[in-house]
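In: the following block contains a protein sequence and its predicted model.
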Amino acid sequence: MEFFKGIGNKISKTSQEAVKKTKELAEVSRLNSEISAEERNIITIYQNIGKLYFDKYKNEECSEFAEYINNVKEGLEKIETAKEEVKLLKGKRTCPKCGAELEVETVFCSMCGQKMPEIEKEEELVEEQVEDKTKEFCASCGQELEDGAMFCPSCGTKAE
C-alpha cells in the first residue's frame, strides 16, 4: 500500500510542477506579447514625432536634420510624380486647383471650373504607347482582342 501511496505522491507532485511550468510559460508569453505591443506603440509614436517635426520645420535650415529632411522631400516628390504617371496611364489627371480627379481630355474642371493645363508631349506619347500596346485586333474579322487573348472571341482565328 505504501508503494501506491508513494507513486500517487510522485504523480501529484509531477502534475503540480507541470501546471506551474505551464502557468509560467503562459505568463512569459503574455508579458512578451505586452512588451512587443508597447515597442510597436513606441515606434508609432517616434514616427508621429518625426512627421510632426518634419511638417513644422521642413522649410527651415537645421544642419543636424537637413539631410534627412531633404531625403524626405525628394521621396515625397518621387511619390507624387509616380502617382501622376499612374493616373495618366489610367487616363486620369488631377485638377491643380481643387485636386479633383478628371479624365485626361478634360479642358475645364467639373468641380471648380479651373482651366486644365495642356498635357506635355511626353505624357501624350506615353499615353499613345499604352493605347497601342493594349489594343489588338483580329486580322480576320477586325474584332478588338482582349489583352493576352490567343484566339478571337468572334471568329476563332488565332491571334497574331
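Out: Received, thanks.

In: need the longest helix for the protein.
Out: helix 2-57 (DSSP state H).

In: what packs against that one?
Out: For helix 2-57, the contact count by 3 or more CB pairs under 8 Å, 6 or more residues apart in numbering; DSSP states H and E identifies helix 66-89 as packing neighbours. No exception for glycine: its C-beta is placed from N, CA and C like everyone else's.

In: in the helix it packs on, what's buried?
Out: I69, L88 (16 or more other CB atoms under 10 Å).

In: quick one: it to helix 2-57, angle?
Out: Going by axes from the mean of the first three to the mean of the last three CA atoms, to 10 degrees, helix 66-89 is angled at 90 degrees with respect to helix 2-57.

In: does helix 66-89 pack against any helices or strands, and if so which?
Out: For helix 66-89, the elements it packs on are helix 2-57, strand 92-94, helix 121-134, judged by 3+ CB pairs under 8 Å, 6+ apart.

In: out of these, which gets nearest to G148?
Out: The closest of those to G148 is helix 121-134. By CB to CB, the value is 10.4 Å.

In: the closest one - what's its average pLDDT?
Out: Confidence for helix 121-134, expressed as mean pLDDT, is 53.

In: list the helices and strands the helix or strand just after that helix packs on?
Out: Next along the chain after helix 121-134, taking DSSP states H and E as the criterion, comes strand 136-137. Secondary-structure packing of strand 136-137 (3+ CB pairs under 8 Å, 6+ apart): strand 144-145.

In: lowest confidence element among the helices and strands of this structure?
Out: When the helices and strands of the chain are scored by mean pLDDT, DSSP states H and E, helix 121-134 comes last with a mean of 53.

In: buried residues in stretch 113-121, which are they?
Out: Here stretch 113-121 shows M116 as buried, counting by 16+ other CB under 10 Å.

In: same check on stretch 103-116?
Out: Of the residues in stretch 103-116, those buried (16+ other CB under 10 Å) are V104, C109, M116.

In: and the least confident of those residues?
Out: Ranking those by pLDDT, V104 lands last with 88.

In: surely it meets I119?
Out: Yes. Using CB atoms under 8 Å, V104 is in contact with I119, at 6.7 Å.

In: many thanks, have a good one.
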